[in-house]
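**Student:** The following block contains a protein sequence and its predicted model.
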Amino acid sequence: MRVGQRRALALLLLALATAAGLAVPSVVRAATAPDAPPPVARPEPFGADCRPSVRGSHVITYCHNPYPGADRVRLHTDCAMWWDLDADAAPVEVGPGQTVRLTDRCWKDVRAVWVTHEKVS
């Protein structure tokens, strides 16, 4: 065999070995890959969109429910002064397409305001 033929044969064997090395791991990966997870059902959209605003010691919140399920919202007000009582309003049901207004106040200043949501069965 000539030197050129030996080099060509060596390159051919090297190319075959490289191709075989790349092909084997993909086959092994495909054989040992776990099954695809079952599709997860998306939860139904829920929850009224509430926008609280604070003016001085007064709190006003408008909650609009754009979804088909009813939402029970409740306004919570945290007053700034230690002697001023914090307030948790009574829960109000917001039906589909409805908007409700929730109000509260502190004697002095308001520290924090938030609204909690509960799904109505």
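**Tutor:** Great, that's in hand.
**Student:** Mind checking the pLDDT average for the strand or helix carrying Leu9?
**Tutor:** For Leu9, the host element (DSSP states H and E) is helix 3-32. Across helix 3-32, pLDDT averages out at 64.
**Student:** what do you get for stretch 75-86?
**Tutor:** For stretch 75-86, the per-residue pLDDT averages 92.
**Student:** And for Ala10, the neighbour number?
**Tutor:** For Ala10, the neighbour count with other CB atoms under 10 Å is 10. Where C-beta positions appear, they are placed from N, C-alpha and C, glycine not excepted.
**Student:** Starting from whichever strand or helix holds Leu102, tell me which strands it pairs with and how they run.
**Tutor:** Assigned by DSSP H and E, Leu102 belongs to strand 99-105. Paired with strand 99-105 in the same sheet, following DSSP bridges, are strand 58-64 (antiparallel).
**Student:** List the contacts of the strand it pairs with.
**Tutor:** 48-53, 71, 73, 75, 77, 92, 94, 98-106, 110, 113, 115 (CB atoms under 8 Å, 6 or more residues apart in numbering).
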